[in-house]
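Asks: no FASTA, just this:
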């Protein structure tokens, strides 16, 4: 199903070229216009500009930011600088969690330092590029989360667009929190299942939507453990052990970057000379190449950066020695082709060490920040070509466009197949989201249309999604080519025309998610994305690629028994990707409540229930569904009497229970009184005999008798062998002896 006024494309297998200006041959380039500040953290905004933080005079963080804008040919080497808005008062962080969200805003949280002072801050802010303004964002739990500390926490944008933030706890605290970008609300998960804290660890989004993390804190240096976070359960589980230690025991508990490559393996670099590879398909680990010794100094990737190039090679930096002691200088660089490391040329600041931050540009180049002054910002070009299978594919987009107008684009792999870049822990610069580039055929001018409203951030192969994009004011008119770029790899171009008016038809297909309820229980089904709320509305339509998380909540007396349909099963959350019409069923059952019956006393009898289930003495307990009204019928055996109820019933009247909870009832049976023969017995003996026969001594009348000795029973009432109720009284006539 497609729409008029749109271009529709299939899968393209032709050779791809880098967008914008031709990439230079492999090597480093300094910027034509060096930054007028000391550059630190870098983030690619969805309008193609790069946000760079000013480290400040102490190189420990400042509130100031700048934007690098490519020139009219799309060159970042020849780009220009403009100052952006500053962070809120008092917030000047260094080493923090950060991400570009699906709505195009940039969020940062925490800070190991503030203004160069060790702080482990829990402050945060979000940048709106349209308003050029920062707004304060509270930490989870109103700022009390993880004892008021976020610091240099790891983070990752999940496939459904929410942001996972891991507490940077160094001891037992391993909390996680998830931010909903639509309302900036937090959900704290408690870090269920995680065996050590998140401190110094990194996160990597996997194609299946899970998040991989290699443990860093003790005792990880010896146990070599790794863990995976599942958004369906909000819990961590064991992801295996690395073949060799990647964390050096006894040092500052550092590790290198972990980055998903295009061959489906996560390349993890160690703070030891070792590296490791995690096979996403099999869930197994294997050894990677070891860092070499250069100039007599062993290399490693402690707190270093890496970035994936369009040709699939990974550009990575290495340090020498303990970074906390000497900065790990000098810095060297390598390319990893999936098998081996090949050293490439050093850059202008290698001898001085630095931050080793990396960012993948839309041109396929890598922007590098050493944090050592203006000259430490350089661009690396590889010159290789991507495999066409790694490229985004546009399936539908309007072809008549106008300046300042917003449109929707649909396609496959719009987010790419990797985060793009990674660091040891305290710097995240992922570029797994689509940029829309428009090149004028006549002038060659290159502009970027700001993207936002992405329906998902999945990096699964052939994942479908949509994104909105807005053409900038002032864009040149005429015949042009439109591309989607993710991680520096461009789609095949689509011919478009930029003029005074455009086609506003929505190019993103909608798919319905229908939710049904089954079973004899009751409950509600709600969705993370607004729309589903059964029983009010059990169906909703979502744009292509939207990832919807369904939650089932049973009502009192019911239990959730599981999902079916939509690829969901089990009793956790149901995560559905809407790339076609989907139907999901939630089954609720009634909670079984146990009615236990006990019989006491010396008598005997039976207890049965209506409805059937209890039959004492065969079965003295039964599970009834919640809310069932149960009546108990009691019958005493011959020679016994029902004496009464105790527990959840009392007295001797009918016992009727409503099973809203587990219940216990005790039925007491006593033996009937069988009157013994007492004539001629002494009073004490008579009393004992009555008691032994479940009778009681009644009135005793004393009279003279010529034949019965004094103190013995002359007569009794009732007569012997009479059957009476339990504890019935037997009257006695006792001799006073002969009359005087």
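Replies: Perfect, I can see it now. Just so we're clear, the structure is a prediction, and the values are computed from it rather than from any experiment. Residues are numbered from 1 along each chain as shown.

Asks: you'd agree residue 221 is in a helix?
Replies: Yes - counting by DSSP: H, G, I helix; E, B strand; the rest coil, residue 221 is part of a helix.

Asks: So for the nearest residue to it once chain neighbours are set aside, what's the pLDDT?
Replies: For residue 221, ignoring the flanking residues on the chain, the nearest one in space by Cβ to Cβ, 6 or more residues apart in numbering is residue 249 at 3.8 Å. In this view, the C-beta of every residue, glycine as well, is placed from N, C-alpha and C. Looking at residue 249, its pLDDT reads 80.

Asks: Check residue 144 too.
Replies: pLDDT for residue 144: 71.

Asks: give me the element the residue nearest to residue 221 is part of.
Replies: According to DSSP states H and E, residue 249 maps onto no helix or strand at all.

Asks: show me what contacts it?
Replies: 218, 221, 222 (Cβ atoms under 8 Å, 6 or more residues apart in numbering).

Asks: Which of those residues ranks first by neighbour count?
Replies: Comparing the contacts of residue 249 by number of neighbours (other Cβ atoms under 10 Å), residue 221 comes first, having 20 neighbours.

Asks: So for that residue, what's the pLDDT?
Replies: So, for residue 221, pLDDT stands at 89.

Asks: Going forward, the N-terminal residue is numbered 560.
Replies: I'll keep to 560 as the first residue from here, and by that count the last item is residue 780.

Asks: Now do it against residue 727, distance only.
Replies: 18 Å (Cβ to Cβ, to the nearest Å).

Asks: what's the answer for residue 1016, then?
Replies: Applying Cβ to Cβ to residue 1016 and residue 727 gives a distance of 23 Å.

Asks: hang on, the earlier thing: I'd like to know which of the contacts of residue 808 is nearest to residue 745.
Replies: Distances from residue 745 to the contacts of residue 808, taken as Cβ to Cβ, are shortest for residue 777 (28.5 Å).

Asks: what's the closest non-adjacent residue to that closest one?
Replies: Residue 777's closest residue in space is residue 812 (Cβ to Cβ, 6+ apart), at 7.1 Å.

Asks: same check, this time on residue 1187
Replies: In space, residue 1187 is closest to residue 1218, 4.7 Å off (Cβ to Cβ, 6+ apart).

Asks: contacting residues around the most centrally placed residue in the chain?
Replies: Centroid-nearest residue in the chain, with Cα atoms, centre = their mean: residue 790, separated by 3.2 Å. Contact analysis of residue 790 by Cβ under 8 Å, 6+ apart lists 717, 718, 719, 768, 769, 770, 1108, 1132, 1134.

Asks: The residue nearest to residue 1187 against residue 1190, yeah?
Replies: No - taking Cβ atoms under 8 Å as the definition, residue 1218 is not a contact partner of residue 1190, at 11.6 Å.

Asks: Name the residue in these two with the higher neighbour count.
Replies: Taking other Cβ under 10 Å, residue 1218 and residue 1190 do not tie; residue 1218 has more neighbours (22 against 12).

Asks: quick revisit: give me phi/psi at the residue nearest to residue 780?
Replies: Backbone geometry at residue 808, expressed as degrees, to the nearest 10, gives phi -60, psi 130.

Asks: next one: residue 1242
Replies: Torsion angles, degrees, to the nearest 10, at residue 1242: phi -60, psi -50.

Asks: Equivalent analysis for residue 702, please.
Replies: Backbone geometry at residue 702, expressed as degrees, to the nearest 10, gives phi 100, psi 0.

Asks: Okay, the closest residue to it other than its chain neighbours and residue 727: tell me how far apart.
Replies: Distances taken as Cβ to Cβ, 6+ apart place residue 681 nearest to residue 702, at 5.4 Å, with adjacent residues excluded. Distance, residue 681 to residue 727, using Cβ to Cβ: 10 Å.

Asks: quick one: which of these two has more around it?
Replies: Neighbour count, other Cβ under 10 Å: between residue 681 and residue 727, residue 727 has more, with 29 against 25.
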